[in-house]
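> here's a sequence, model it:
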Amino acid sequence: MKTEEIFKDIADFRSYVDGLEADTTLEQLRPSIRSASTSIASIIGKAVFQKLSEDLDLYSYGNAMLKTAVATSALYRYQIFLSTKKNNTEAKFYKYQHEEIKEHHIEAFWSAMDELLDWLDENADNVPEWKESQLCKIRESLPVKNAAEFDGYYGIDRSSYFYSKVLFLLRTIWSENIRPVLGRLVPDEALMERCKRILCYWTMAEAVLKFDVTELPRSIRYDFNHEYTKGSDPQTRDRLHADLMSKVNSWMKMVESAVKSATGGNVSGGVVNAEENKFFYM
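Residues are numbered from 1 along each chain as shown. Prediction:
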């Protein structure tokens with residue numbers, strides 16, 4: 001089955017969303033469904049997407065969350081066409097109404113994705129394809145392994161979907177910026193806690209620059225807009241990034257000091273700042 005064929009008919013699609021015009025057909029929605037399905041499959045893996053789509057008896061809840069995520073994402077993408085269509089009639093949409101509807105679909109999509117990803121984690125033994133997915137393999141290589149743990153260091157509404165979106169940032173920052181500073185030292189609990197906090201703050205600093213405001217968890221984007229007033233302004237993004245990185249830099253100095261103290265200044269088992277080392281202390 002192709003990913004865009006997840007819905008049997010328009011009635012099946014309607015059962016997972018609200019606000020769809022009565023005369024909208026499944027064929028009209030097909031490009032949006034295809035785009036939404038491809039995006040979700042890239043996160044959970046095509047094998048998992050197919051399994052949840054086809055085995056309804058064993059994975060009924062997972063199937064429902066998957067369909068809800070696809071439907072709400074597709075309708076979010078299609079909303080501009082619905083608004084344009086309505087504006088050609090007497091029942092016109094104001095811009096704020098269009099934005100409110102989009103926000104509704106975004107929140108419904110995030111909620112469905114969070115529940116889907118949490119369900120997959122809870123039922124991993126019954127979905128071996130999930131255990132073998134790229135997302136799970138990357139998580140196992142990181143010190144912060146899930147959204148709940150990330151939320152303990154920096155609030156992200158415990159969103160598993162957001163965690164999956166920043167996974168590439170987590171992996172890069174950990175492997176290229178934090179782990180090398182530890183060298184061969186096996187950090188104790190206190191030092192690892194500081195490293196995890198640095199990892200989460202650094203990741204959020206990068207996400208602020210790289211993501212659109214609408215791609216941040218609701219509480220964060222609301223706080224962002226409240227404090228910085230214009231989330232799309234590059235200068236305000238730079239300011240928030242700088243605020244986060246000032247904490248990161250301060251904590252990194254503490255980590256470097258702790259590593260030096262624990263190793264006698266010998267981080268890699270050789271001479272500090274030896275030519276073959278990949279990093280240098282100042």
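
> ok, the closest residue to residue 16 other than its chain neighbours - contacts?
Leaving aside its chain neighbours, residue 16 sits nearest to residue 71 (3.9 Å; criterion: Cβ to Cβ, 6 or more residues apart in numbering). For the C-beta atoms, the positions are set from N, CA and C on the backbone; glycine is no exception. By Cβ atoms under 8 Å, 6 or more residues apart in numbering, the contact list for residue 71 reads 7, 13, 16-17, 33, 36.

> buried set for stretch 17-26?
Residues 17, 20, 24, 26 are the ones in stretch 17-26 that count as buried (16 or more other Cβ atoms under 10 Å).

> flag the least confident of these.
Sorting these by pLDDT puts residue 20 at the bottom of the list (83).

> got phi/psi on that one?
With angles defined as degrees, to the nearest 10, residue 20 sits at phi -90, psi 130.

> likewise residue 264?
Phi and psi for residue 264, reported as degrees, to the nearest 10, are phi 70, psi 30.

> contact partners for it?
Listed by Cβ under 8 Å, 6+ apart, residue 264 has no contact partners.

> ok, it to residue 185 distance?
Residue 264 sits at a distance of 11 Å from residue 185 (criterion: Cβ to Cβ, to the nearest Å).

> other SSEs contacting the longest helix seen in the chain?
Longest helix in the chain, counting residues (DSSP state H): helix 234-263. Helices and strands touching helix 234-263, by 3 or more Cβ pairs under 8 Å, 6 or more residues apart in numbering; DSSP states H and E, are helix 179-182, helix 189-210, helix 218-228.

> winner for burial among the ones you listed?
Of all the helices and strands packed on helix 234-263, helix 189-210 carries the top mean neighbour count, a mean of 19, counting by mean count of other Cβ atoms under 10 Å.

> can you list contacts of that helix?
For helix 189-210, contacts defined as Cβ under 8 Å, 6+ apart pick out 142-144, 149-150, 153-154, 165-166, 169-170, 173-174, 177-178, 182, 187, 215-216, 220, 224, 237-238, 240-241, 244-245, 247-248, 251-252, 254-255, 258-259, 262.

> count of neighbours near residue 79?
Number of residues near residue 79 (other Cβ atoms under 10 Å) recorded here: 20.
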